[in-house]
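**Q** sequence? don't have it. structure:
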């Protein structure tokens, strides 16, 4: 089955700096890659996603890049703010079936004011 | 819309007890899933359903049963609770879009289960 590895497990940055979280996946058939943000005690919420026919996608301060050849994708957050502090999860799925996603173990991002 | 709702929010069971975690969505989503989240780990898929009357196993199905009699409801049953089932359980739903597949998953608020 699919295996998703996520790095780093913890990340601490100063407010205003950029943060990068990387994920690798094992199944070359995976074609949908969402990123979720989970605040403490809350539910995961989708922040951005990318499909395999696209190399990069951006939404304001958040961007995701995908390298299908190397089977890795990354989340980039620019101009970080304290409210960006949360756990971020990457995931991968086949047939654009988000409901059968395999998740990474998460990255705890702390943005210091 | 209430979105995805789950009950109860918290539950404590003794080993061997059974219970049902409730999940409902009012968005007319065909696809519903159950995940468990353990400390320091991502979400792991337990069971999923592509529509009423259709269910299938995910990554960690042992000890859990599901059924889907309506589009709205997708209950998760613990048959004989074990301490290893102590976790936070999330239900999620997603909508099928022609040409794009099942897209964004909407998660419920979670049920925190402790098995003693």
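**A** Sure thing, it's come through. Bear in mind that the values here come from a model prediction, so they are computed numbers and not experimental data.

**Q** Show me what the helix or strand harbouring residue B:88 is packed up against.
**A** Here residue B:88, judged by DSSP states H and E, is contained in strand B:87-94. Helices and strands touching strand B:87-94, by 3 or more CB pairs under 8 Å, 6 or more residues apart in numbering or on different chains; DSSP states H and E, are strand B:4-7, strand B:19-25, strand B:31-37, strand B:106-107, strand B:111-115. Placement of C-beta: from N, CA and C, glycine included.

**Q** Go again with 10 Å.
**A** strand B:4-7, strand B:19-25, strand B:31-37, strand B:43-51, strand B:76-78, strand B:101-102, strand B:106-107, strand B:111-115 (3 or more CB pairs under 10 Å, 6 or more residues apart in numbering or on different chains; DSSP states H and E).

**Q** Of all these, which one is nearest residue A:75?
**A** strand B:43-51 (16.7 Å; CB to CB).

**Q** so who does the residue nearest to residue B:27 when sequence neighbours are not counted touch?
**A** Once flanking residues are discounted, residue B:27 sits nearest to residue B:1: 6.0 Å by CB to CB, 6 or more residues apart in numbering or on different chains. Applying CB atoms under 10 Å, 6 or more residues apart in numbering or on different chains to residue B:1 gives the contacts B:25, B:26, B:27, B:28, B:106.

**Q** you'd agree the third one is in a strand?
**A** No. With the criterion set as DSSP: H, G, I helix; E, B strand; the rest coil, the secondary structure at residue B:27 is coil rather than a strand.

**Q** residues near it, how many?
**A** By other CB atoms under 10 Å in any protein chain shown, the residues close to residue B:27 number 14.

**Q** swap in residue B:86?
**A** 17.

**Q** pLDDT weak spots in chain A?
**A** By pLDDT under 70, the low-scoring segments of chain A are A:95-98.

**Q** who in chain A is up against chain B?
**A** Applying CB under 10 Å from any CB of the partner chain, one finds that chain A approaches chain B through A:1-2, A:4, A:6, A:9, A:31-32, A:34, A:36, A:38, A:41-46, A:49, A:51, A:87, A:89-91, A:93-106, A:108.

**Q** Thank you kindly, that will do.
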